[in-house]
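Participant: Make a model of this:
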Amino acid sequence: MLQGINKIGRSWLGKAIVAVLFGFLIVSFAIWGIGDIFRGSVRTTVATVGKTDISAEAFRTAYQNELQRLMRQTRQSITPERARSLGLDTQILSRLVTEAALDQRAQELGLSVSDQLIARTIAQDPNFRGPNGQFDRAAFDEILRSNSLSEAAFVREQRGVVTRLQLADAIAGALPVPLAMREAIHRYGAERRSAAYVLLSPAAAGDIPSPTEEQLKTFFEEHKAAFRAPEYRAVNALVVSPETLARPEQISDADARQRYEQVKASRYGTPERRTIQQIAFPSAEEAETAFKRVKDGTDFEAIAAEPNVDPNSLELGTFSRNELIDPAVANAAFSLAEGAVSGPVQGRFGPVLVRVTKIEPESVKPFEQVEADVKREVALERARNALNDIHDAIEDLRAGARPLADIAKEKELPLVSVPAVDRTGRDKAGNPVQTLPERDALLAAAFNSDIGVDNEPLRTRAGGYVWYDVTGIDPARDKSFEEVRDAVAAQWRNEEVSRRLTEKARALVERIDKGETVEAIAAELGVPAQTATDLARNATQTLSADIVARIFSTPVGKAASALSGEDSRPVFKVTAATLPPLVTSTREASSVEERLRVALSEDLLAQYIAQVEKDVGVTINQQNLRRAVGGDI
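Facilitator: Here you go, the predicted structure:
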């Protein structure tokens, strides 16, 4: 058959047929996606911004870089699920979309930056400076290498950054701040008010007769949701951390003493310190001549006072050996007796003579005084080393469907057992449950789980783990009237008192606005009239924040009332308001103006970016996005 095909293929007709057949085959490959064989790989895009595609690889690189930065900053391991709950994927994608949109707008506007500006920007970056404060090529190469960047790629990235910054500066840079805005901010912070007031206590509500059973049942039906029992869950939690694993009592005295000897100087002692003088000389020859004069009896201070010696170099200070930045000076100073002068020392900044004027000997706490701390330190270190082994052992037991209570007993680890807790962390009596480890994270996880589910452990802030089991669920339910009768009666009375005080306060406000004084009303009620002066917004004062806010929203000379907790209600009259003039030349005014300018610039730039993204068009591929962050297969 192959020979027949070969024979046919030699003729012009056969060649044409073969070409057509292969043409159909290639087209079919393209239709069914097998054309990727010729391209080498499947091309994925997480977002398209105008004419620019954001590849999954570019997104994944930016995402992983930010994830690593967060883990270094928080010193915690962050799972993909935790990162998504923080919105990290959305933040990174939003940044990449914004950069792509601004890059396109800059191209449309014909914006570009010169090579000289890019070179100057990189050279002035403090991250690339060496010990002398200048650009260090070796440091530059090392940073690029550690971030897996080529020089060309970094320069290209910096060109985009500088271009976007110039575009942003053109849009929102150096915005003027309206005077009206500055005056409003000044009024909010500088205005002071005074008020006269009288406080209506619950006694002012008068005698309230006991409610009938029918009234209570009606009130209960109208407010049934307020007396509803929330969902409760029973939770077992096993905490494994260096603190829970550490056994200081098992550390032998020999091991503790060995650690003590290793760290006693730095941890439990004060190092030897010396007060040092030095004289710097222009040359080694002059230093040698001066040293000979000192040996012949010339006073050290007399040499320091001579014209060719800098007098400011004499008093060096009091230091431990490690605090001296010049090793040569340190070695010389700490080899001298008190009052002795060294020979010429070739220091880091030139030849010097060194004298020690005072020696403070080192002091170390005895082992017996710090024994408990040392044993705890050793125990914690061993616990950290054993943490991963314990983690793996518990995971193996969990894989065999062992409950946490059994694992805790077998491994002699503390088990936290909570018989009932609601979403807010309170028990059925309404008291906060104090024993919950990693309270917020554990509550959220437990109420998203179920009985019998093998849950992933949570990471603790200290680097440990929390395994948890949901062992019981009490669904939320409506309580019966009989269960909550006392609470209903108390709530009914509170609302009745509040209603009566509100009505009375309204009537008193009307009387004050018609001309009666606060003092006269206070005398009528048999309570003292009070005054509050120099009241400020958002400041700590005798009146509550709600009352102060109400005073500032009431015109001068007018009366009003406000809630004050659950038991009382003040009725007040605003008696005065003062506002110092706005002085724009002060440092505080300039600071406020600058903060307002930044806020206006950020708001304007955000609006501009939103419009640019709308103009160029943005499309998100959610499936590829989930794959890029490991959320889909």
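Participant: List the buried residues in the helix or strand where residue 68 lies.
Facilitator: Assigned by DSSP states H and E, residue 68 belongs to helix 56-74. Neighbour counts over helix 56-74 (16 or more other C-beta atoms under 10 Å) mark 56, 58, 59, 60, 62, 63, 66, 67 as buried. Backbone N, C-alpha and C define where each C-beta goes, glycine included.
Participant: One more: stretch 407-419?
Facilitator: Result for stretch 407-419 [16+ other C-beta under 10 Å]: buried residues 407, 408, 413, 415, 416, 418.
Participant: Among the buried residues of helix 56-74, which one lies nearest to residue 126?
Facilitator: Distance ranking of the buried residues of helix 56-74 against residue 126, using C-beta to C-beta, places residue 66 first at 21.3 Å.
Participant: residues touching the closest one, list them.
Facilitator: Listed by C-beta atoms under 8 Å, 6 or more residues apart in numbering, the contact set of residue 66 reads 88, 91, 92.
Participant: can you rerun that using 10 Å?
Facilitator: Applying C-beta atoms under 10 Å, 6 or more residues apart in numbering to residue 66 gives the contacts 83, 88, 89, 91, 92, 95.
Participant: Which members of those residues occur in helices, if any?
Facilitator: Secondary structure from DSSP state H places 83, 88, 89, 91, 92, 95 of these in helices.
Participant: Please pick the buried ones from these.
Facilitator: 83, 88, 89, 92.
Participant: Quick one: residues contacting the second one.
Facilitator: If I follow you right, that is residue 88. Residue 88 is in contact with 63, 66, 67, 70, 78, 80, 82, 629, counting by C-beta under 10 Å, 6+ apart.
Participant: Which of the buried residues of helix 56-74 sits closest to residue 384?
Facilitator: Each of those was scored against residue 384 by C-beta to C-beta, and residue 67 proved nearest at 23.5 Å.
Participant: Wait, that closest one touches residue 91, no?
Facilitator: No: using C-beta atoms under 10 Å, residue 67 is not in contact with residue 91; the gap is 11.0 Å.
Participant: Mutual contacts of these two, please.
Facilitator: residue 83.
Participant: Would you state the strands of the stretch 401-550 of the chain in chain order?
Facilitator: For the stretch 401-550 of the chain, the strands defined by DSSP state E, counting those that start in this stretch occupy 415-421, 458-459, 465-474, 530-535.
Participant: Now those strands in a markdown table, please, with extra columns for distance to residue 288 and mean pLDDT.
Facilitator: Putting the strands of the stretch 401-550 of the chain into a markdown table (distance: least, C-beta to C-beta, whole Å; pLDDT from 0 to 100) gives the following:
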| stretch | distance to residue 288 | mean pLDDT |
| --- | --- | --- |
| strand 415-421 | 74 | 93 |
| strand 458-459 | 64 | 87 |
| strand 465-474 | 66 | 92 |
| strand 530-535 | 73 | 92 |
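Participant: Relative to residue 326, which of the ones you listed is closest?
Facilitator: strand 458-459 (45.1 Å).
Participant: who's in contact with that closest one?
Facilitator: By C-beta under 10 Å, 6+ apart, strand 458-459 touches 76-79, 82, 237, 239, 241, 437-438, 441-442, 444-446, 464-468.
Participant: Off-centre distance for that strand?
Facilitator: Centroid displacement of strand 458-459 relative to its chain, using C-alpha atoms, centre = their mean, to the nearest Å, is 18 Å.
Participant: can you check stretch 506-516 too?
Facilitator: 51 Å.
Participant: With stretch 324-334 instead?
Facilitator: The chain centre lies 41 Å from the centre of stretch 324-334; the measure is C-alpha atoms, centre = their mean.
Participant: For residue 297, find the nearest of the strands of the stretch 401-550 of the chain.
Facilitator: Ranking the strands of the stretch 401-550 of the chain by proximity to residue 297 (C-beta to C-beta) places strand 458-459 first, at 70.4 Å.
Participant: Pairing partners for that closest one, with directions?
Facilitator: The strands beside strand 458-459 in its sheet (DSSP bridges) come out as strand 465-474 (antiparallel).
Participant: in the strand it pairs with, what's buried?
Facilitator: 465, 466, 467, 468, 469, 470, 471.
Participant: What degree of burial does the closest residue in space to residue 579 that isn't next to it in sequence show, as a neighbour count?
Facilitator: Sequence neighbours aside, residue 191 is the residue nearest to residue 579 in space, at 4.8 Å (criterion: C-beta to C-beta, 6 or more residues apart in numbering). Neighbour count for residue 191, taken as other C-beta atoms under 10 Å: 15.
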